[in-house]
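A.B. asks: Sequence plus predicted model, see below.
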Amino acid sequence: MKNSFIKVWCIVLIAFLASCQQSNTGYKLSGELTGADNGTKIALVPFAMYDAKAEAETTIENGKFSFEGEVPEPREYYLVLGNKEDYYRIMIENTSIKIKGKVVKHPGKEGAPETSAFSEMEVSGSKSNDYLYSQLDVRNELDSMYNAIHKDFADVQALVAKASRARNKALMDSITSLPRYAEFAKADKNFINTVEKRYNEVFDANKETSWGPLLMLNLYSYLTPDARPTFENMSKEARESYYGKMVAEDLYPANRTGEKVPGFTTIDINGNQVSLNDLIKDKKVILIDFWASWCAPCRKELPNVKANYEKYAPKGFEVLSFSIDKDPKAWKKAVAEENLKWPNFNDLNISTLYKVKAVPTIYLIDNQGRLIAEDIRGEKLGKKLEELLGD
């Protein structure tokens with residue numbers, strides 16, 4: 001009887017300890033944000049080079065919010081405020097994490113509604129977050145250097161800006177021949193070299209672990225083939241890590257010609273629900289263009305797209321424009337200004353689906369949704385359409 005009691009007690013104790021251990025796995029992120037309105041949305045979004053989907057969402061009530069979950073290793077996330085009004089990067093690890101700060105309001109521009117932003121954010125409980133920000137501190141150092149240079153040479157930059165606005169080549173030539181301009185050019189070149197040197201020091205110090213590629217993703221605005229030697233100098237563990245695979249995907253893009261692009265259903269500018277299949281079934285070649293009202297290169301390319309649309313639309317060419325504008329008014333204004341006659345959409349979920357990292361991003365597909373070409377613009381677009389739809 002006594003032995004049976006002991007056995008039962010041991011089983012209960014083991015179960016209790018197991019339950020305690022289970023409850024301690026994962027993370028709990030508790031936040032306090034003064035100044036936030038009750039019901040303000042806040043989301044936890046995985047860090048990515050494109051606009052990723054939220055992994056968890058909640059609302060701020062009485063200045064507080066919380067998230068719970070589990071990560072396989074320390075992972076970078078964004079806290080996203082409201083309707084993507086502001087972002088705050090944070091490293092999540094399986095522990096209790098606290099974040100405190102403020103939400104401040106900014107008036108909208110040109111009649112747009114006011115926006116909210118994070119301020120004075122402090123994180124405790126995440127050692128990986130402390131380390132991330134210690135490594136990203138190089139940016140503050142370089143920002144200070146950049147601001148000092150541009151303050152010292154504000155006079156030269158004002159002259160250059162004036163000549164550029166006037167499109168006065170003679171004036172520009174006279175400015176660039178000044179000794180003062182030569183000093184500015186030398187300081188600017190030294191700054192660029194310093195950026196490269198300091199970034200490489202950070203990458204080299206972290207090349208043995210996944211921190212190396214993660215910091216590449218954070219410090220570079222975008223990755224080009226020039227960054228391949230840096231990545232290839234990292235350890236196998238770093239290159240094959242979660243963030244290493246992210247870097248490799250950008251540095252060594254696969255040829256996706258012939259693959260089907262993702263299907264979707266969305267709402268057009270007139271409020272009609274349409275699917276990709278609806279939009280392309282009666283066409284031959286379709287250009288999917290991701291752009292924004294504020295994107296100068298996007299709008300610079302539009303006359304070329306319009307010219308090709310006028311020429312090839314009767315032969316089965318269609319354009320689908322997807323704006324990533326957060327302000328629908330700015331999008332509709334730009335559509336009207338540009339007199340875009342093809343279907344237009346403002347659905348950020350589509351840019352997320354297509355993993356759009358920057359605009360402009362362009363896909364040329366057939367009426368089965370198969371990819372013909374990527375980021376094709378200028379003369380290349382015209383030549384490709386002539387090849388596909390010409391007589």
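C.D. replies: Okay, I see it. Computed from a prediction, not measured in an experiment: that's the story for all the values here. Numbers count the residues shown, from 1 in each chain.
A.B. asks: Need the contact partners of stretch 341-352.
C.D. replies: With C-beta atoms under 8 Å, 6 or more residues apart in numbering as the test, stretch 341-352 has contacts from 50-53, 84, 264, 266-269, 274, 279, 290, 309, 318-326, 328, 331-332, 335. Bear in mind the C-beta positions are built from the backbone N, C-alpha and C, glycine included.
A.B. asks: Now that stretch: buried residues?
C.D. replies: Buried residues in stretch 341-352, counted by 16 or more other C-beta atoms under 10 Å: 342-348, 350-352.
A.B. asks: now the residues you listed in CSV, with secondary structure and pLDDT?
C.D. replies: What follows is those, written out as CSV (DSSP: H, G, I helix; E, B strand; the rest coil; pLDDT from 0 to 100):
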residue, secondary structure, pLDDT
342, coil, 96
343, coil, 95
344, strand, 95
345, strand, 95
346, coil, 94
347, coil, 91
348, helix, 87
350, helix, 92
351, helix, 89
352, helix, 85
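A.B. asks: and of the residues you listed, the nearest to residue 108?
C.D. replies: Comparing these against residue 108 with C-beta to C-beta picks out residue 346 as the nearest, at 17.2 Å.
A.B. asks: So which of the contacts of stretch 341-352 belong to helices?
C.D. replies: If you go by DSSP state H, the contacts of stretch 341-352 have 279, 309, 328, 331-332, 335 in helices.
A.B. asks: number of nearby residues for residue 148?
C.D. replies: The tally of other residues near residue 148 (other C-beta atoms under 10 Å) stands at 12.
A.B. asks: Please disregard the earlier target; I meant residue 307.
C.D. replies: 12.
A.B. asks: Over to the one 4 residues further on?
C.D. replies: Look at residue 311: counted by other C-beta under 10 Å, it has 15 neighbours.
A.B. asks: Now do the helix or strand harbouring residue 287: which elements does it pack against?
C.D. replies: Using DSSP states H and E, residue 287 sits in strand 285-291. When contacts are defined as 3 or more C-beta pairs under 8 Å, 6 or more residues apart in numbering; DSSP states H and E, strand 285-291 packs onto helix 296-312, strand 317-323, strand 361-366, helix 379-389.
A.B. asks: OK, contacts around residue 309?
C.D. replies: 317, 319, 341-342.
A.B. asks: again, only using 10 Å
C.D. replies: Going by C-beta atoms under 10 Å, 6 or more residues apart in numbering, residue 309 touches 287, 302, 317-319, 340-342, 385.
A.B. asks: Over to residue 128?
C.D. replies: Taking C-beta under 10 Å, 6+ apart, we find residue 128 in contact with 71, 73-76, 90-93, 95, 97, 211, 214.
A.B. asks: Which stretches in the stretch 151-300 of the chain count as helices?
C.D. replies: Per DSSP state H, counting those that start in this stretch, the stretch 151-300 of the chain carries helices over the ranges 154-166, 169-176, 179-205, 211-219, 228-232, 236-239, 242-251, 276-280, 296-312.
A.B. asks: so which of these gets nearest residue 114?
C.D. replies: With distances scored as C-beta to C-beta, the stretch of those nearest to residue 114 is helix 296-312 (26.2 Å).
A.B. asks: tell me the angle of that closest one relative to strand 361-366?
C.D. replies: 20 degrees (axes from the mean of the first three to the mean of the last three C-alpha atoms, to 10 degrees).
A.B. asks: How far off centre is stretch 80-100?
C.D. replies: Mean-position distance between stretch 80-100 and its chain equals 16 Å (C-alpha atoms, centre = their mean, to the nearest Å).
A.B. asks: Likewise for stretch 172-184?
C.D. replies: So, by C-alpha atoms, centre = their mean, the centroid of stretch 172-184 is 37 Å from its chain's centroid.
A.B. asks: Repeat that for stretch 204-216.
C.D. replies: With C-alpha atoms, centre = their mean as the basis, stretch 204-216 stands 20 Å off its chain's centre.
A.B. asks: buried set for that stretch?
C.D. replies: Neighbour-count burial for stretch 204-216 [16+ other C-beta under 10 Å]: 206-207, 210-216.
A.B. asks: what's the answer for stretch 273-285, then?
C.D. replies: Buried residues in stretch 273-285, defined by neighbour count with 16+ other C-beta under 10 Å: 274, 276, 279-280, 283, 285.
A.B. asks: start to end distance for that stretch?
C.D. replies: End-to-end span of stretch 273-285 (C-alpha to C-alpha, to the nearest Å): 22 Å.
A.B. asks: can you check stretch 78-93 too?
C.D. replies: First-to-last residue span, stretch 78-93, C-alpha to C-alpha: 14 Å.
A.B. asks: ok now it, how far from the chain's centre?
C.D. replies: 12 Å.
A.B. asks: before we move on, what about stretch 280-288?
C.D. replies: Worked out by C-alpha atoms, centre = their mean, stretch 280-288 lies 28 Å from the chain centre.
A.B. asks: And the contacts of that stretch?
C.D. replies: Counting by C-beta under 10 Å, 6+ apart, 261, 263, 275-276, 279, 305, 308-309, 312-313, 315-322, 342, 350, 354, 361-369, 371-373, 376-377, 381, 384-385, 388-389 sit against stretch 280-288.
A.B. asks: Tell me which stretches of the stretch 1-150 of the chain form helices.
C.D. replies: 2-23, 127-152.
A.B. asks: Can you add distance to residue 198 and give the buried residues of stretch 341-352 back as a markdown table?
C.D. replies: Below are these laid out as a markdown table (distance: C-beta to C-beta, whole Å):
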| residue | distance to residue 198 |
| --- | --- |
| 342 | 46 |
| 343 | 46 |
| 344 | 43 |
| 345 | 41 |
| 346 | 39 |
| 347 | 39 |
| 348 | 34 |
| 350 | 38 |
| 351 | 32 |
| 352 | 33 |
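A.B. asks: Quick one: residues contacting residue 81.
C.D. replies: So residue 81 contacts 33, 36, 40-43, 60, 87-88, 103, 115-118 (C-beta under 10 Å, 6+ apart).
A.B. asks: So which of the residues you listed sits lowest on pLDDT?
C.D. replies: Of all these, residue 115 has the smallest pLDDT value, namely 86.
A.B. asks: now that one: how far from residue 107?
C.D. replies: 8 Å (C-beta to C-beta, to the nearest Å).
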